[in-house]
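Student: No sequence on hand, only this structure:
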């Protein structure tokens with residue numbers, strides 16, 4: 001009889017333990033909305049051209065972009081084109097089903113018109129050692145031009161040289177806000 005009482009007491013204690021709270025490993029964790037990435041592919045976009053804005057979120061039910069330029073929706077990784085006309089601060093807000101929200105911002109600057117180097121011409125693609133090579137070009141929206149090797153005649157937008165071996169001439173046109181456009185031509189020396 002004593003043996004039955006001990007077994008019965010042990011059984012009652014085991015049943016009482018069954019009503020204890022769930023172990024920590026089995027509890028559901030709260031999943032807050034989180035912006036994992038939000039950036040501009042180019043922090044400075046030349047006026048009149050497009051840039052890219054990219055984002056990624058976790059546990060978001062809804063997104064909001066301010067100023068609105070595209071529809072946005074929850075995605076782990078997404079980029080879209082933007083065309084700001086002036087310096088703009090874009091703000092992305094992610095909302096979670098649990099009432100959480102995460103906010104991130106990125107600045108995008110708009111630069112002046114991009115520099116343009118075009119109509120690159122050379123007097124000959126093949127010369128004898130020491131012959132004159134003249135590489136001429138046209139530019140737009142340019143602050144300064146660098147060219148090498150040889151001597152740049154700035155007023156004429158021509159580069160003059162007398163190469164002794166095959167040479168590649170490189171021209172870089174710089175615009176405002178550190179923008180650049182480049183061109184090159186190789187002249188064979190026979």
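Tutor: Right, received. Where do you want to start? Note that the structure is a prediction, hence the values are computed from the model and not measured.
Student: Could I get the pLDDT score of the spatially most central residue of the chain?
Tutor: The residue lying closest to the centre of the chain (CA atoms, centre = their mean) is residue 41, at 1.7 Å. Model confidence at residue 41, given as pLDDT, is 92.
Student: again, but for residue 25
Tutor: Residue 25 is given a pLDDT of 51.
Student: Also residue 12?
Tutor: 46.
Student: And the pLDDT at the nearest residue to the residue nearest to the centre of the chain once chain neighbours are set aside?
Tutor: Excluding its sequence neighbours, the residue lying closest to residue 41 (CB to CB, 6 or more residues apart in numbering) is residue 52, at 3.9 Å. (Each C-beta comes from the backbone N, C-alpha and C, glycine too.) On the pLDDT scale, residue 52 is placed at 95.
Student: Can you report phi and psi for the residue nearest to the centre of the chain?
Tutor: phi -60, psi -40 (degrees, to the nearest 10).
Student: ok, back up a step: surely the residue nearest to residue 41 is in a helix?
Tutor: No: Residue 52 is assigned strand when assessed by DSSP: H, G, I helix; E, B strand; the rest coil, not a helix.
Student: That one reaches residue 80, doesn't it?
Tutor: Yes: shown here, residue 52 and residue 80 form a contact pair, counting by CB atoms under 8 Å, at 6.9 Å.
Student: got the contact list for the residue nearest to the centre of the chain?
Tutor: 51-54, 79 (CB atoms under 8 Å, 6 or more residues apart in numbering).
Student: Include distance to residue 175 when you put those into JSON lines, please.
Tutor: Output for those, formatted as JSON lines (distance: CB to CB, whole Å):
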{"residue": "51", "distance to residue 175": "16"}
{"residue": "52", "distance to residue 175": "21"}
{"residue": "53", "distance to residue 175": "23"}
{"residue": "54", "distance to residue 175": "25"}
{"residue": "79", "distance to residue 175": "25"}
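Student: Report the buried members of those residues.
Tutor: Buried by 16 or more other CB atoms under 10 Å: 51, 53, out of those.
Student: nearest to residue 180, of the contacts of residue 41?
Tutor: residue 51 (16.9 Å; CB to CB).
Student: Now do that closest one against residue 45, distance only.
Tutor: The gap separating residue 51 from residue 45 is 4 Å, by CB to CB, to the nearest Å.
Student: Test of understanding: give the bridge partners of the residue nearest to residue 41.
Tutor: residue 81 (DSSP bridges).
Student: Give me the distance between it and residue 64.
Tutor: 19 Å.
Student: List the buried residues in stretch 161-179.
Tutor: In terms of neighbour count (16+ other CB under 10 Å), stretch 161-179 has its buried residues at 161, 163, 167, 169, 171-175, 177, 179.
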